[in-house]
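> Show me the folded form of this:
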Amino acid sequence: MNPPVRQAPYCDCHIHVFARDDASRHSSSSQSAYAKAAYQPPRKDIADFATEAAVGGIGRAVLIQASIDGTDNRFLLETLKRARLADNGLAAPLELRGVVMIDERSEGLAAMADAGVRAIRVQDRSRLGHNDLARLPRLAERAATQDWHVELNTEPERYAALAALLPTLPSGQALVLDHLGHVTPGASDELSGLYRLLDTGRVWIKLAPTRVSRHVGRYDDLGELVRQLAERYPERCVWGSDWPHVMTPPPLPASRDMLDFLERVLTPAQRDACLTHNPATLYRF
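Numbers count the residues shown, from 1 in each chain. Okay, here's the model as predicted:
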């Protein structure tokens, strides 16, 4: 018997895109930020991603504003708009949504929503010099004006502070933890904190494994954790590859390897929820 045909393509909920040439970088301030950043952006744009996506059967993707670009979302927005054109240069159809970074003065949010933006991203990684958790309520209020959710790049040391802030966020607004919440595999205290956040019912988890796993490419150290997350929170798990893997040392992972891992550890129903149904709900595909 042939397996059932998927009704929607897989969605990669966490990728970054960068310009292929210096002329596409928008300002001298952007270039200055690149010079000071923890990494130099690879010259890989959405056409490069489309090639890898085709191998994994990925037909949808979410563009995440890279931290080095700050609140200058212009390249991300241009990519969203260009992908809608008939002559977009992509080898295969690819439906996109976006997650931007804003501050208290950012303008044009409605135009961003029209372009396909569905959330804001807040950086709160003290190890990387980002401590924006205190600004989360103000930024979340701004996001709520467009019916956007919030994606938070944080770490276990901040879970208790985040839990205290959750009741202050707009009612019904989802909060998504990037990169598996940066938990350490096997660290029971960190996992307990993660589960407490997820048990609130308003926190989602992004199963983007490459910055967490010690076995990049196999991810077998994350098997039990991912299995438990999918069992306990089946409607609030999504997957992201973190392509093009700017913070992962070579050899760089392949999206197909991550999908193979999910196929090993998740049931068909859990996999369909994580890769198709949940992203469609969260990002309104």
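> Could you check how far residue 46 is from residue 146?
For residue 46, the distance to residue 146 equals 23 Å [CB to CB, to the nearest Å]. From N, CA and C alone the C-beta is placed, and that goes for glycine too.
> of those two, who's got more company?
residue 46 (22 against 15; other CB atoms under 10 Å).
> Now do that one against residue 247, distance only.
20 Å.
> pLDDT averaged over stretch 238-251 - what is it?
For stretch 238-251, the mean per-residue pLDDT is 92.
> Let's see the distance spanning that stretch from one end to the other.
24 Å (CA to CA, to the nearest Å).
> Is residue 141 within a helix or a strand, and which one?
helix 136-144 (DSSP states H and E).
> Can you list the neighbours in contact with that helix?
Helix 136-144 has contacts (CB atoms under 8 Å, 6 or more residues apart in numbering) with 102-104, 106, 109, 119-120, 122, 124, 132, 149-150, 152, 162, 165, 168-170, 173, 175.
> Just the buried subset of those residues, written out for PyMOL, thanks.
In PyMOL, this line selects whichever of the contacts of helix 136-144 come out buried by 16 or more other CB atoms under 10 Å:
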select buried, resi 102+109+119+120+122+124+132+149+150+152+162+169+170+173+175
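> So which of the contacts of helix 136-144 sit within helices?
The members of these that map onto helices under DSSP state H are 109, 162, 165.
> For the stretch 51-200 of the chain, just list every one of the strands.
With DSSP state E, counting those that start in this stretch, the ranges of strands along the stretch 51-200 of the chain come out as 58-64, 95-100, 117-123, 149-153, 175-177.
> Give the pairing partners of the fourth one; include direction for each.
Sheet partners assigned to strand 149-153 using DSSP bridges are listed as strand 117-123 (parallel), strand 175-177 (parallel).
> Now find how far off-centre it is within its chain.
Offset of strand 149-153 from its chain centre (CA atoms, centre = their mean, to the nearest Å): 9 Å.
> Check the third one too.
Between the centre of strand 117-123 and the centre of its host chain there is 9 Å, according to CA atoms, centre = their mean.
> Now do it, average pLDDT.
Strand 117-123 comes out at a mean pLDDT of 97.
> repeat for the fourth one
Per-residue pLDDT values across strand 149-153 average out to 97.
> can you offset everything so residue one is 596?
OK, 596 is where the count begins now, so the last one is strand 744-748.
> the inter-axis angle of that strand versus strand 690-695?
70 degrees (axes from the mean of the first three to the mean of the last three CA atoms, to 10 degrees).
> Give me the below-cutoff pLDDT ranges for the stretch 596-745 of the chain.
Applying pLDDT under 70 to the stretch 596-745 of the chain flags residues 596-602, 617-633, 721-725.
> what about 50?
Within the stretch 596-745 of the chain, the stretches with pLDDT under 50 are 596-601, 622-630.
> correct me, but residue 697 touches residue 704?
Yes: using CB atoms under 8 Å, residue 697 is in contact with residue 704, at 7.2 Å.
> related to what we said a few turns ago, which of the ones in helices among the contacts of helix 731-739 lies closest to residue 864?
residue 757 (29.7 Å; CB to CB).
> can you pull the pLDDT of the closest one?
97.
> how far away is it from residue 647?
32 Å.
> just residue 826 next, same as before
29 Å.
> what do you get for residue 674?
For residue 674 relative to residue 647 (CB to CB), the value is 16 Å.
> between these two, who's got more neighbours?
residue 674 (22 against 18).
> May I ask you to confirm that that one is in contact with residue 643?
No: checked against CB under 8 Å, the pair residue 674 and residue 643 is beyond contact range at 11.7 Å.
> That's all I had, so thanks and see you.
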